[in-house]
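*Asks:* Okay, predicted coordinates and the sequence, questions at the end:
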Amino acid sequence: MSVAVASPRKTRRLALAILIALFLAAVLASAVFAQEPGTVKGTWSIELPAKRGRVALTMKRRGGGGHSWSSTDMVPVADLKGFAPPASGNPVDVRFQIVRDAGSFTFEGQSDNEVAWGKFLFAGNEAYARELEAQGHGSISSDDLLSFAVHDVSRAFVRGLADLGYAKLSTDDLLSMAIHGATPAYVRAMRGLGFERLSPDDLVSMRIHGVSEEFVGEMRALGYEDLTADDLVSMRIHGVSAEFVRELEQLGYRRVSADDLVSMRIHGVTPDYIRQMREIGISKMTVDDLVSMKIHGVSAEDARRVLRADPSATADDLVSWKIHGGVRS
């Protein structure tokens, strides 16, 4: 029985044909992620299952010079066009899109019922960029388009702010306002409360620190009707709540100024501290006394020690005693 043996030339041709086929298959498989001008590519992952109709979508890209970028946002499942994770734990291939005014994301990868992952390609909307540039928002870069798409700086968002007098905002202001929720609706709500001329920085700061309609309403109900945006932000930063104000009122400290309320919170003057000092026997304490006592570290044990030596000691005496190292001046 004879066995046919391929010639070396035929073997080389066959090997070359196989290599070409493999190369073409790889090119076709990755065509969607070819780096075209104006596009950005990276990796993505999603935590499953969805919670309240949203999923945590993380996108990452590695830039030139070793710089990297990442973003994690709670995205409505409805925005993930074509996303269908499996009900079981067996991974399946997935492909879906997020379409925003600033550009579109195409995602490919795999998903099981706990996590999805893969690569994405972002294509910026050059027409959108030209529109914003024509409206006076400055030069819109490809990185701007990516950030605007991630945080959904939509045409409606930009137009809504412009209609309220916030036209020709910088790209930084537009992005910051979108990220922190300083939306046209929020601007209108604040205007309804009398805050007419808030800067973009004011609005962003108020949103970051939780100055809501409810908070403003609570403080006004307690008599604080003339608070400025700075007052409100400072109060929120340092934990001046309606409950804190009501507790102070119950202890006899009524209509304490906004600055004093903030100072009390900064230095740790709590209702419990006031009650504790009163129980020990220090009854006549102004707001300034209380703040000074806390600044200088006057504790309950300090107060007991001084009162044992001098039952008539005042808040000033306690502070003086502490300043001079426990020696009466």
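*Replies:* The structure has been received and is ready for your questions. No experiment lies behind these values; they were computed from the predicted model shown. Numbers count the residues shown, from 1 in each chain.
*Asks:* what sits up against stretch 44-53?
*Replies:* For stretch 44-53, the external contacting residues (CB atoms under 8 Å, 6 or more residues apart in numbering) are 55-60, 76-78, 85, 107, 109, 111-120. No exception for glycine: its C-beta is placed from N, CA and C like everyone else's.
*Asks:* Tell me the spacing between the residue nearest the centre of the chain and Val233.
*Replies:* Nearest to the mean C-alpha position of the chain, counting by CA atoms, centre = their mean, stands His180 at 5.9 Å. With distances taken as CB to CB, to the nearest Å, His180 is found 13 Å from Val233.
*Asks:* now Leu169
*Replies:* 20 Å.
*Asks:* Over to Arg265?
*Replies:* 13 Å.
*Asks:* Pull the number of nearby residues for the closest residue to Val153 other than its chain neighbours.
*Replies:* Computed as CB to CB, 6 or more residues apart in numbering, the closest residue to Val153 that is not its neighbour in sequence is Ala178, at 4.7 Å. Look at Ala178: counted by other CB atoms under 10 Å, it has 21 neighbours.
*Asks:* Same question for the one 4 residues further on.
*Replies:* Taking other CB under 10 Å as the criterion, the count of residues near Ala182 is 26.
*Asks:* For it, what are phi and psi?
*Replies:* phi -80, psi 70 (degrees, to the nearest 10).
*Asks:* And for Gly281?
*Replies:* Phi and psi for Gly281, reported as degrees, to the nearest 10, are phi 130, psi 0.
*Asks:* quick one, what contacts it?
*Replies:* Counting by CB under 8 Å, 6+ apart, Gly281 has contacts 303, 307, 311.
*Asks:* residues contacting His324?
*Replies:* Neighbours of His324 in contact, by CB under 8 Å, 6+ apart: none.
*Asks:* in stretch 172-180, what's buried?
*Replies:* Within stretch 172-180, the residues scored as buried using 16 or more other CB atoms under 10 Å are 173-180.
*Asks:* And stretch 218-229, by the same measure?
*Replies:* Quick answer for stretch 218-229 (16+ other CB under 10 Å): 218-219, 224, 227, 229.
*Asks:* quick one: which of those residues sit in helices?
*Replies:* 218-219, 229 (DSSP state H).
*Asks:* helix/strand/coil for the nearest residue to Val298 once chain neighbours are set aside?
*Replies:* Spatially, and ignoring its direct neighbours in sequence, Val298 is nearest to Leu318 (4.8 Å; CB to CB, 6+ apart). Applying DSSP: H, G, I helix; E, B strand; the rest coil to Leu318 yields a three-state assignment of helix.
*Asks:* any idea of the pLDDT on Leu318?
*Replies:* pLDDT recorded at Leu318 is 95.
*Asks:* Do I have it right that it meets Met285?
*Replies:* No. Counting by CB atoms under 8 Å, Leu318 stays clear of Met285, with 9.5 Å between them.
*Asks:* Quickly list what's touching both of these two.
*Replies:* Taking CB under 8 Å, 6+ apart as the criterion, Leu318 and Met285 both touch Met293.
*Asks:* By residue count, what's the longest strand in the protein?
*Replies:* In the chain, taking DSSP state E as the definition, the longest strand is strand 39-51.
*Asks:* Brilliant, that's me finished.
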